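Trainee: What shape does this take:
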Amino acid sequence: LPELQRSPLDELCLQVKLLERRGFAEAASAETFLAKAAEPPPPAAVSNALRLLEAIGAITPPAEEGDTQQQKQRGERLTTLGRHLAALPLAPAVGKLVLYGVLFRCLDPVLTVACCLAYRDPWVLPVDPTLRRTAAGVKLALSDRAGGCSDHLAVAAAYEAWAAARSSGGGGGGGGDRAFASRNFLSPGTMAMIDGMRSQLLQELRGRGLVGSRSLPNASASARDAAVVRCALACGLYPNAGRLLPANSPDANGNFHAAQQRKGAAIATRKDDKVRVHASSVNSNLRPPPPPPLSKESGSGGKPLHPCPLVVFDELTRSESSLYVRQTTAVGAHPLLFVAERVSRRPPKPAKRAKLNDDGDGGRREIDDIDEENLPSGSDSDSDSEDEEDPSPVLVVDDWLPLRVPAGAELPLLVLRQRIEACFAHLVERPG
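Mentor: This next block holds a predicted model:
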């Protein structure tokens, strides 16, 4: 297939809008512009790319039928955020992740993650089964050192250790970085490329005033706080998020059987797609937690995170038989409230058993049928009876994810959402 018909189009559409702003392209929709290519991409692919750019705030919503002439002129225009993202040598979604790293002052690890997503995974997969298990153990240990349950944090920890080995020089004889890479099943060439990309990207951020004159350590004051870095990953990678599905599906009587357990973890995405977590991920066997009380995320102490019901990822990959994700991070629920396009409130109601969809999957649930005892929550409250009225309000994220919050926390969370939005807008509009 021609490249335009098999490659992601979000970055290309952003460049088209940038050319239009600079006067090198006529003011028309990206779909109209790309349709003039010798082998144009499918209109649905262009539409999906534009929806993604609109979701991350890179362009204004496209004009619709019935809009006034003034509204049509403002439709599908490049925003200030879009201009920053177009200047970065990254896909737009990855570029936004970097900006959240700047906002939360944890740029160093987020920079590594972004370069890895833009280039390739640095892990080497051995052919020998024994070495493959050893390599998986090394990756899991690095993930646990950085906070646990995260392929992205594992890469950040691996780069930090690799850079330290390079600085030490392997005991004076040089080649410490290559020896470290060999011991930890990392590609030396990929690590060197990521290192070069980090320098290039940091220079671009400074050139645009997004980091200013601050050094990288000053822009990474919270880099050692695993909870803050995890929050930045959640905000930057959303809406690529999903809810972990149960390990097995109940029978007609609502009972679970161990023999029916699914091999490996699976998530239900925002679009209700059932997606497998690839076996190479540190979260390949992650399961939803037991009912509340839920554990809180680990901080900078280095203790592994207790499995939580939400996962963010960078991209979906389609195989012949299913969808899967390779690099994932388990996150708390509250960061999604800060970046969701829409947050609505659902009045409290008695908890009730979840109803299965017609496909009998057991994992996919309608919003109104979710057992609220198992909702992602930061609260320690629990109900002793399913018939008891739960006074806690439920906030619904983008008409997809209901979150039960303590009654006293609802207003502070919504105020914090507004302040984070304002801080991000200030970073973008007034860099430096």
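Trainee: Now stretch 207-219 - C-alpha only, CSV.
Mentor: Taking Å, rounded to 0.1, in the frame of the first residue of the first chain, the C-alpha atoms of stretch 207-219 are listed here in CSV:
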residue,chain,number,x,y,z
GLY,A,207,14.3,27.3,21.7
ARG,A,208,10.5,27.7,22.1
GLY,A,209,10.8,28.9,25.6
LEU,A,210,8.9,26.0,27.1
VAL,A,211,11.8,25.1,29.4
GLY,A,212,13.5,28.5,29.4
SER,A,213,17.0,28.9,30.8
ARG,A,214,16.4,26.2,33.4
SER,A,215,18.7,23.2,33.4
LEU,A,216,17.2,19.8,33.0
PRO,A,217,17.6,19.0,36.7
ASN,A,218,15.6,22.2,37.5
ALA,A,219,12.9,21.2,35.1
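Trainee: State the next helix or strand along the chain beyond the host helix or strand of residue 20.
Mentor: In this structure, residue 20 sits in helix 10-21 according to DSSP states H and E. Following the chain from helix 10-21 toward its C-terminal end, the next helix or strand by DSSP H and E is helix 30-34.
Trainee: Give me the packing partners of that following helix, helices and strands only.
Mentor: Contact partners of helix 30-34 among helices and strands, from 3 or more Cβ pairs under 8 Å, 6 or more residues apart in numbering; DSSP states H and E: helix 10-21, helix 43-55. Yep, even glycine has a C-beta here, placed from its N, CA and C like the rest.
Trainee: quick one: buried residues of that helix?
Mentor: By neighbour count, and taking 16 or more other Cβ atoms under 10 Å as the criterion, the buried residues in helix 30-34 are 30-31, 33-34.
Trainee: could you dump those to JSON lines with pLDDT?
Mentor: Formatted as JSON lines, the entries for these read as follows, by pLDDT from 0 to 100:
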{"residue": "30", "pLDDT": "81"}
{"residue": "31", "pLDDT": "82"}
{"residue": "33", "pLDDT": "83"}
{"residue": "34", "pLDDT": "85"}
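Trainee: Would you point out the helix or strand in this structure whose mean pLDDT is lowest?
Mentor: None of the helices or strands of the chain scores lower by mean pLDDT, DSSP states H and E than helix 69-74, at a mean of 56.
Trainee: Next secondary structure element downstream of that helix?
Mentor: Taking DSSP H and E as the definition, the helix or strand that follows helix 69-74 towards the C-terminus is helix 80-87.
Trainee: Go through that following helix and flag the buried ones.
Mentor: The neighbour-count check on helix 80-87 (16+ other Cβ under 10 Å) flags 81-86 as buried.
Trainee: Just the C-alphas of that helix, formatted as PDB.
Mentor: Below are the C-alpha coordinates for helix 80-87, written out as PDB (Å, rounded to 0.1, in the frame of the first residue of the first chain):
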ATOM      1  CA  THR A  80      -1.100  27.800  20.000                       C
ATOM      2  CA  LEU A  81      -0.700  24.300  21.400                       C
ATOM      3  CA  GLY A  82      -0.800  22.900  17.800                       C
ATOM      4  CA  ARG A  83       2.000  25.300  16.700                       C
ATOM      5  CA  HIS A  84       4.200  24.000  19.600                       C
ATOM      6  CA  LEU A  85       3.400  20.400  18.700                       C
ATOM      7  CA  ALA A  86       4.100  20.900  15.000                       C
ATOM      8  CA  ALA A  87       7.500  22.300  15.800                       C
END
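Trainee: Can you pull out the residues in contact with it?
Mentor: For helix 80-87, the external contacting residues (Cβ atoms under 8 Å, 6 or more residues apart in numbering) are 14-15, 17-18, 21, 53, 56-59, 78, 92, 95-96, 99, 204, 208, 210, 428-429, 431.
Trainee: low-confidence ranges in this structure?
Mentor: Per-residue confidence of the chain (counting by pLDDT under 70) places the weak regions at 1, 21-28, 63-75, 170-174, 213-214, 248-262, 289-308, 347-391, 432.
Trainee: what about the strands in it?
Mentor: 241-244, 266-269, 274-277, 310-313, 317-318, 323-325, 328-331, 343-346, 394-397, 401-404 (DSSP state E).
Trainee: on that earlier part again, going through the contacts of helix 80-87, which ones are buried?
Mentor: Among the contacts of helix 80-87, the ones that count as buried by 16+ other Cβ under 10 Å are 14, 17-18, 53, 56-59, 78, 92, 95-96, 99, 204, 210, 428, 431.
Trainee: Residue 212: how many residues sit nearby?
Mentor: Around residue 212 there are 13 other residues, counting by other Cβ atoms under 10 Å.
Trainee: Show me what the closest residue to residue 322 other than its chain neighbours bridges to in the sheet.
Mentor: On the basis of Cβ to Cβ, 6 or more residues apart in numbering, the spatially nearest residue to residue 322 that is not a chain neighbour turns out to be residue 276, at 5.6 Å. Residues in a beta bridge with residue 276, per DSSP bridges, are residue 266, residue 324.
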